[in-house]
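> Output the structure for:
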Amino acid sequence: MSARNTLKVFGTIELYLGRFLFHFQKVFNAKTYIEYMEQIISRYFPKKIFLIQDNAAYHKDKDVWIWFKEERKYIEVFNLPAYSPEFNALENIWHHVRVNGTHNKFFPTQDALYSALVSTFRSIQRNPEQIMGRLRPFQ
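Numbering: from 1, shown residues only. This next block holds a predicted model:
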């Protein structure tokens, strides 16, 4: 039996323009999430960010909320209700990625999976119109 090829990816979608940002990570935890949020702020500065996030454990971490409090002039955070993926616009993007990038495909290595994901993510970045219909319910 072979090991399962999985990758961890942070993702963010800008609802009105379809701008998609992603970052591969070895682990999801408070430290890596804060690092990702710092990247997001640096890309959008000086605009204020209104972030809607799900209820992943690291989103609720004390250190994350201390960081949000310190950065509140740059980012305002809203949590989705528990167990409500239907309210999470990014779930529609992950579905698009699965259907168009990984569904019914065999990836012999993690590098092959990584390449397929990056190709799909970059396609979204170059052509956000391919996902705008998936975002319309949230706009």
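> where do the helices sit along this protein?
Ranges of helices within the chain are 30-44, 62-70, 89-97, 110-126, 129-135, based on DSSP state H.
> Tell me which residues are up against the first one.
Spelled out, that is helix 30-44. The contact list for helix 30-44 (C-beta atoms under 8 Å, 6 or more residues apart in numbering) reads 10, 12, 21, 23, 25-26, 49, 51, 58-59, 61-64, 67-68, 71, 74-75. The C-beta positions use only the backbone N, C-alpha and C, and glycine is treated the same way.
> quick one: which of those residues sit in strands?
The strands, defined by DSSP state E, take in Phe10, Thr12, Leu21, His23, Gln25, Ile49, Leu51, Ile75 from those.
> Now rank those residues by neighbours and give me the top one.
Using other C-beta atoms under 10 Å as the neighbour criterion, Thr12 leads those with 20 neighbours.
> any idea how far the residue nearest to that residue when sequence neighbours are not counted is from Asn104?
The shortest distance from Thr12 to any non-neighbouring residue, by C-beta to C-beta, 6 or more residues apart in numbering, is to Leu21 (4.5 Å). As judged by C-beta to C-beta, to the nearest Å, Leu21 and Asn104 stand 27 Å apart.
> residue contacts, Val9?
Phe22, His23, Phe24, Gln25, Leu117.
> Correct me if wrong: the last one contacts Lys105.
The reference is to Leu117. No. Leu117 is not in contact with Lys105 according to C-beta atoms under 8 Å; the separation is 11.0 Å.
> which of the two has more neighbours?
The residue with more neighbours, out of Leu117 and Lys105, is Leu117; 18 against 9, by other C-beta under 10 Å.
> need the contact list for that one.
Leu7, Val9, Val97, Gly101, Thr102 are the contacts of Leu117 under C-beta under 8 Å, 6+ apart.
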